[in-house]
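Participant: Sharing a model prediction with you, sequence too.
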Amino acid sequence: MKIEREKLQVYPVSRKEYEEVMGLVWKTFLRFEAGDYSKEGIQSFQDFITDPVLYKMFKKGYYQIFGAFYNSELIGMISLRDRTHISLLFVDERYHYQGVGRTLMEYLKNYLMTEMGEYKLTVNASPYGIGFYHKLGFQDTDVELTKEGVRYTPMILFL
């Protein structure tokens, strides 16, 4: 499905949208990323996105989630923890390669610089996401690592 980028809106996710967001994350993870992980890694990822402590952090504003909405439909999301670390970035598969991820990143970068006074951004990129982050200017800060079965490459971007 082709989108009109000018109709794409990004804004903070509300509490009532939290479950929908995490459903999008899980569905997209299973489709594109789970194949790169061991059973332990898949379970670790599922445990993370269903953790009640994460939801409490979200409710208190310590874990921020921004959604990409097209015609009022959630089509992508990005989350921020510890002020400068991308925790999750997922786009519905129907909207891949249409600039949704880039739009989410631009929103987040602007938010960090104007609202938070931060000028760097870090991410632990999954094997699937490495190319995307490199295109946006992120640089590896270490080799690929594995923790609790989850494979990732630490990266940084100076804004």
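Facilitator: Okay, I see it.
Participant: what's the longest helix in the protein?
Facilitator: Longest among the helix segments of the chain by residue count, using DSSP state H, is helix 18-32.
Participant: now what about that one, what contacts it?
Facilitator: Helix 18-32 has contacts (C-beta atoms under 8 Å, 6 or more residues apart in numbering) with 13, 45-46, 49-50, 55, 58, 65, 67, 74, 76-77, 88, 90-93, 128. Yep, even glycine has a C-beta here, placed from its N, CA and C like the rest.
Participant: what residue lies at the spatial centre of this protein?
Facilitator: Computing the C-alpha centroid of the chain and ranking residues by C-alpha atoms, centre = their mean puts residue 89 first, at 1.6 Å.
Participant: Setting aside sequence neighbours, what's the nearest residue to that one?
Facilitator: In this structure, residue 89 finds its nearest non-sequential neighbour in residue 78, 4.6 Å apart by C-beta to C-beta, 6 or more residues apart in numbering.
Participant: so what pLDDT did that neighbour get?
Facilitator: pLDDT, residue 78: 98.
Participant: any chance you could map the strands in this protein?
Facilitator: 8-12, 63-70, 73-81, 85-91, 120-125, 139-140, 145-147, 150-158 (DSSP state E).
Participant: want to throw those into JSON lines with distance to residue 39?
Facilitator: Shown next, in JSON lines, are these (distance: least, C-beta to C-beta, whole Å):
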{"stretch": "strand 8-12", "distance to residue 39": "34"}
{"stretch": "strand 63-70", "distance to residue 39": "26"}
{"stretch": "strand 73-81", "distance to residue 39": "24"}
{"stretch": "strand 85-91", "distance to residue 39": "20"}
{"stretch": "strand 120-125", "distance to residue 39": "20"}
{"stretch": "strand 139-140", "distance to residue 39": "27"}
{"stretch": "strand 145-147", "distance to residue 39": "13"}
{"stretch": "strand 150-158", "distance to residue 39": "12"}
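Participant: out of those, nearest to residue 35?
Facilitator: Of all those, strand 150-158 sits nearest to residue 35, with 11.1 Å by C-beta to C-beta.
Participant: Mind listing residues that contact that closest one?
Facilitator: 36-37, 41, 44-45, 119-127, 130, 133, 136-146.
Participant: Of those residues, grab the buried ones for ChimeraX.
Facilitator: Here is the ChimeraX selection string for the buried members of the contacts of strand 150-158, based on 16 or more other C-beta atoms under 10 Å:
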select :37,41,45,121,123,124,125,126,130,133,136,138
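Participant: what are the bridge partners for the nearest residue to residue 91 once chain neighbours are set aside, then?
Facilitator: Taking C-beta to C-beta, 6+ apart, and ignoring the residues beside it in sequence, residue 91 has residue 76 as its nearest neighbour in space, at 3.9 Å. As for beta bridges, residue 76 partners with residue 68, residue 91 under DSSP bridges.
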